[in-house]
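Asker: here's a sequence, model it:
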Amino acid sequence: MTEKEVQERMRDCTLCPRRCHADRLSGGRGFCGQSAQIRSARAALHFWEEPCISGESGSGTVFFSGCSLQCVFCQNHEIAMGKAGQGISGRRLAEIFLELQEKGAANINLVTAAHFLPQVCLALERAGEEGLSVPVVYNSSGYEEIDSLKMLEGLADIYLPDLKYHSPRLSGLYSQAPDYFEKASAAIGEMVRQAGPPVLDPETGLMKKGVIVRHLLLPGQAGDSKRILRYLRDMYGDDIYVSIMNQYTPMKQITESAQWGTADLSRPVTAREYERVLDFADKIGIRQGYRQEGETAAESFIPAFDGEGL
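Answerer: Take a look at the predicted model:
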């Protein structure tokens, strides 16, 4: 990736499935809400990912501002909407990767970086030339363009995508993306092609290569969750890990909304709903993956987006 190629991508942006064609190089903003200026809200060790990602030392996580999906219930709503974050240069981003490695990060974890992919790839190449050696994790909503993901080939080692919805009705209602499953399932296929089957360090248990697909159970939508799990099992078998999460918690933008305040989204997932989905996963033979034990709350997984490490 060269600076010229970055500029070309930003001049007519089609990085995500929205394909806005925004001239972000001149300050235009697409659905993600961002110009060509990299913006991030935090870069620090993060301990709340799956155990094979966080390990004991933490994942070197960079949270990028803006999002091409912007789900109404997003637990990172503050940064997804671009309300938090500060501008940084590509050179500074490369330095951040190296600083996180020096702090003992198990990996470099790129959270919602799709709309900055050209700049991120250039920063990864620069950091690699200067000694970056830990695995790189691409942490994504799943709503990706295959052509954009191909920029990461040889740069990303681990893919951590969501597969949020099977139903076009739900994805249209909650994320303005009725084509979500079509795009996300194709993107996950590309991620598996690049990363291959999971490889874990036998001594530390840390993932070195592979794909972990996350699915967050939404209240009242156990049926959609089962369709997603069936798809993943039938399509990939043991070539991926599956992380089934129950941490959905209604955030402020839901509880104070006239539109969503009385809907299913206004309540947490019940223990019974989660148990039904886990039982189904066991029944269809999902063996490689993670489940969340006990009661969880989304707030407990949200760090302060205060510019730390930038």
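
Asker: contacts and neighbour counts: CA atoms only from here.
Answerer: Will do.

Asker: name the residues that touch the lowest-mean-pLDDT helix or strand in the chain?
Answerer: Lowest on mean pLDDT, DSSP states H and E among the helices and strands of the chain sits helix 77-80, with a mean of 76. Under the contact criterion CA atoms under 8 Å, 6 or more residues apart in numbering, helix 77-80 has outside partners 41, 64-67, 70, 74, 84-85, 305.

Asker: ok, those vs residue 188, which is closest?
Answerer: Nearest to residue 188, judged by CA to CA, of these is residue 67 at 18.1 Å.

Asker: surely that closest one forms part of a helix?
Answerer: No: the assignment for residue 67, made by DSSP: H, G, I helix; E, B strand; the rest coil, is coil rather than a helix.

Asker: isn't it right up against residue 112?
Answerer: Yes: proximity of residue 67 to residue 112 meets the contact threshold set by CA atoms under 8 Å, at 6.5 Å.

Asker: between these two, who's got more neighbours?
Answerer: Neighbour tally, residue 67 and residue 112, criterion other CA atoms under 10 Å: the higher count belongs to residue 67, 28 against 25.

Asker: need the contact list for the more buried one.
Answerer: Residue 67 neighbours (CA under 8 Å, 6+ apart): 31-33, 80-82, 112, 114-115.

Asker: wait, which of those residues is closest to residue 215?
Answerer: Of the contacts of residue 67, the one sitting nearest to residue 215 (CA to CA) turns out to be residue 112, at 15.9 Å.

Asker: the closest one and residue 156, how far apart?
Answerer: For residue 112, the distance to residue 156 equals 14 Å [CA to CA, to the nearest Å].

Asker: got it, and residue 30?
Answerer: Relative to residue 156, residue 30 is positioned 25 Å away (CA to CA).

Asker: go on, residue 277?
Answerer: With CA to CA as the criterion, residue 277 and residue 156 are 31 Å apart.

Asker: same check, this time on residue 229
Answerer: 25 Å.

Asker: same thing with residue 308?
Answerer: 24 Å.

Asker: in the stretch 51-200 of the chain, where is pLDDT below threshold?
Answerer: 82 (pLDDT under 70).

Asker: all helices for it, in order.
Answerer: Here the stretch 51-200 of the chain has its helices, by DSSP state H, counting those that start in this stretch, at 51-54, 77-80, 90-102, 117-129, 146-149, 168-175, 180-195.

Asker: which residues in the stretch 201-310 of the chain form helices?
Answerer: Taking DSSP H, counting those that start in this stretch as the criterion, the stretch 201-310 of the chain carries its helices at 222-236, 252-255, 271-284.

Asker: before we move on, the earlier item: which of the contacts of residue 67 has the most neighbours?
Answerer: Within those, residue 115 tops the neighbour count with 28 neighbours, counted by other CA under 10 Å.

Asker: isn't it up against residue 14?
Answerer: No: contact criterion CA under 8 Å: residue 115 and residue 14 do not qualify, at 9.1 Å.
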